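[1] Got a predicted structure plus its sequence, pasted below:
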Amino acid sequence: MEAIRKQPIRLLDIEHELAGPDAMTALARYDAVLAGLAKRLDAALAAGLPPDEFPRAETLKEANVLARKILRLTVRVGGETQSST
């Protein structure tokens, strides 16, 4: 696994990676992180959470699904933009 970054990931950097020549590699890397989060969320929800934490976990789960969709859309749109130029 990659060493932990010392600086935060910037959204613009991610967008450039997803639009670049190694877009599928970047997509796989970022999607793996989000898939891992989804597994941890599912495990926490299955194990049971305190009532006050459940809505936050559900919201995070929905946001994670949305983030994975946005990743795929960004790669698709980025690829279409590159092929049209």
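    Done, it's in. Numbering: from 1, shown residues only.
[2] Name the helix or strand for the closest residue to E17 other than its chain neighbours, please.
    Leaving out its chain neighbours, the residue that sits closest to E17 by C-beta to C-beta, 6 or more residues apart in numbering is A26, at 3.9 Å. From N, CA and C alone the C-beta is placed, and that goes for glycine too. Using DSSP states H and E, the element containing A26 is helix 23-47.
[3] which other residues reach that helix?
    By C-beta atoms under 8 Å, 6 or more residues apart in numbering, the list of residues contacting helix 23-47 from outside reads 14, 17-18, 20, 54, 57-58, 60-61, 64-65, 67-68, 71-72, 75, 78-79.
[4] For ChimeraX, write the select line for the buried members of those.
    Applied in ChimeraX, the following selects the buried portion of these according to 16 or more other C-beta atoms under 10 Å:
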select :17,18,61,64,68,71,75,78
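[5] max-length helix in the protein?
    The single longest helix within the chain, with elements called by DSSP state H, is helix 54-84.
[6] so what does that helix touch, helix or strand wise?
    helix 11-19, helix 23-47 (3 or more C-beta pairs under 8 Å, 6 or more residues apart in numbering; DSSP states H and E).
[7] State the mean pLDDT of that helix.
    Helix 54-84 shows a mean pLDDT of 84.
[8] distance between it and the chain's centre?
    Here helix 54-84 shows a centroid-to-chain-centroid distance of 7 Å under the convention C-alpha atoms, centre = their mean, to the nearest Å.
[9] Stretch 30-45 now?
    Centre-to-centre, stretch 30-45 and its host chain are 10 Å apart (C-alpha atoms, centre = their mean).
[10] list the buried ones in it?
    When burial is assessed from 16+ other C-beta under 10 Å, stretch 30-45 yields the following buried residues: 30-31, 34, 37-38, 41.
[11] Which of those residues sits closest to L49?
    The shortest gap between L49 and any of the buried residues of stretch 30-45 belongs to L41, at 9.9 Å (C-beta to C-beta).
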